[in-house]
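[1] got a sequence here, can you build the structure:
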Amino acid sequence: MKHLIVGPAGHGVTEYALGLARATGAEVIREETFGDSPLAGPVHVTFTDHLFGDTAERLLARIDGPLSVSLHDIPQPEEGAARYERRAGVYRALAAAADVAVVNSDHEARFFPAGATTVIRLPIPVIDSSFDPEPGTVGVLGFLYPGKGHEDLIAALPDRRLRFLGAVSTGHEQWAADLVRSARSVELTGWLTDEELAAEMGRIAVPVCPHRHFSASGSLMAWLGAGRKVLVRDSDYAREIDAWLPGRVTLVGEGGWRDAVDRHVPERLDPPRYGWAEVAQRWEETWRFAGLM
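    Numbering: from 1, shown residues only. Just a heads-up that it's a prediction; the model follows:
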């Protein structure tokens, strides 16, 4: 099966697509931006409308034969009614047209009609991160953009050292500058290599995923892969991960950041055993069942 991989290196969805192709030994058709040349199926696509555009028709028109899709950045009502409805139509059309449609969580699967998708969770990478937490540090991992809860931490934890590990998303530079000015002690690391990121993660005393609305999280998987216990904003998805991996996350309700951070005891555990080998096996089973392998 050929894998059509679209998007710049470093983008989370592109990196997932490349990881899946490597793990399954797939032939890759690589495009920095989405093209229009026809492709004979079966073809697998790791899809987000941020990279492919806000219509399903262009992708469906390119594929002559069976189609498998991995769906990311599933629409959520909190985006606003107009944007949600526009994006929802794209994702539901792709799921309906594809021979295989996969999402990363049960929470995401509930967006689609019953039985329309299969759930294959994001892999948990094993990250060799030295455990040397600096007292008083609270860390958030991943690209910075509005809606990930950084402001909530600044408001709740004015006396803590907040360290945001990652680059600012394009277009949000002024928002990030204002964010820093609004706080007593905030550090933005900017983009980090894998080795630098692992080292910086080890310096954090309290790992936090404060995202206000999320349904799958590579940054949460990274913290878990470093063997860290993580404070996570309470949500359907967070409760799903807590049930899947008991004792790895602490659920934090609205207004609960101060108490949760004060109670957190830095600890390093063995990472869960669920990486690309297990994810690839699930994908190959799904493709075989659909007659695509």
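[2] which residues of this protein fall in strands?
    Along the chain, counting by DSSP state E, strands occupy 2-6, 27-31, 39-40, 43-47, 63-64, 67-71, 100-103, 118-119, 137-141, 161-165, 186-188, 206-209, 230-233, 249-252.
[3] next, format those as TSV and append mean pLDDT.
    Conversion of the strands of the chain to TSV gives the following (pLDDT from 0 to 100):
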stretch	mean pLDDT
strand 2-6	97
strand 27-31	97
strand 39-40	96
strand 43-47	98
strand 63-64	96
strand 67-71	98
strand 100-103	98
strand 118-119	98
strand 137-141	96
strand 161-165	96
strand 186-188	93
strand 206-209	97
strand 230-233	96
strand 249-252	97
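[4] of all the ones you listed, which one comes closest to Leu179?
    In terms of CB to CB, the element of those nearest to Leu179 is strand 186-188, at 6.8 Å. Every C-beta, even on glycine, is put in place using the N, C-alpha and C of the backbone.
[5] okay, now the unreliable bits of this structure?
    Judged by pLDDT under 70, the chain has no weakly predicted residues.
[6] compare the strands of the chain and give me the one nearest Ser219.
    Across those, closest to Ser219 is strand 137-141 (CB to CB), at 4.2 Å.
[7] packing partners for that closest one?
    Using 3 or more CB pairs under 8 Å, 6 or more residues apart in numbering; DSSP states H and E as the contact criterion, the elements in contact with strand 137-141 are helix 150-156, strand 161-165, helix 194-202, strand 206-209, helix 218-225.
[8] let's go with 6 Å and repeat that
    The elements that strand 137-141 packs onto, with contact taken as 3 or more CB pairs under 6 Å, 6 or more residues apart in numbering; DSSP states H and E, are strand 161-165, strand 206-209.
[9] that strand: how far from the chain's middle?
    For strand 137-141, the distance from its own C-alpha centre to the chain's C-alpha centre is 17 Å (CA atoms, centre = their mean, to the nearest Å).
[10] please save the CA atoms from it in PDB.
    Extracted as PDB, the C-alpha positions of strand 137-141 are listed here (Å, rounded to 0.1, in the frame of the first residue of the first chain):
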ATOM      1  CA  THR A 137       9.300  24.400  37.700                       C
ATOM      2  CA  VAL A 138       6.000  23.700  35.800                       C
ATOM      3  CA  GLY A 139       6.400  22.700  32.200                       C
ATOM      4  CA  VAL A 140       4.100  22.500  29.100                       C
ATOM      5  CA  LEU A 141       5.300  20.700  26.000                       C
END
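[11] ok and it relative to helix 194-202, angle-wise?
    140 degrees (axes from the mean of the first three to the mean of the last three CA atoms, to 10 degrees).
[12] can you list the domains in the protein?
    For the chain, the domain assignment from automatic domain parsing gives the residue ranges 2-121+275-289, 137-263.
[13] can you redo those domains as CSV with distance to Ile127 and mean neighbour count?
    Listed next are those as CSV, based on distance: least, CB to CB, whole Å; neighbours: other CB atoms under 10 Å:
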stretch, distance to Ile127, mean neighbour count
domain 2-121+275-289, 11, 17
domain 137-263, 4, 18
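[14] okay if I get those domains as a markdown table plus distance to Asp128?
    Formatted as a markdown table, the entries for the domains of the chain read as follows, by distance: least, CB to CB, whole Å:
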| stretch | distance to Asp128 |
| --- | --- |
| domain 2-121+275-289 | 13 |
| domain 137-263 | 6 |
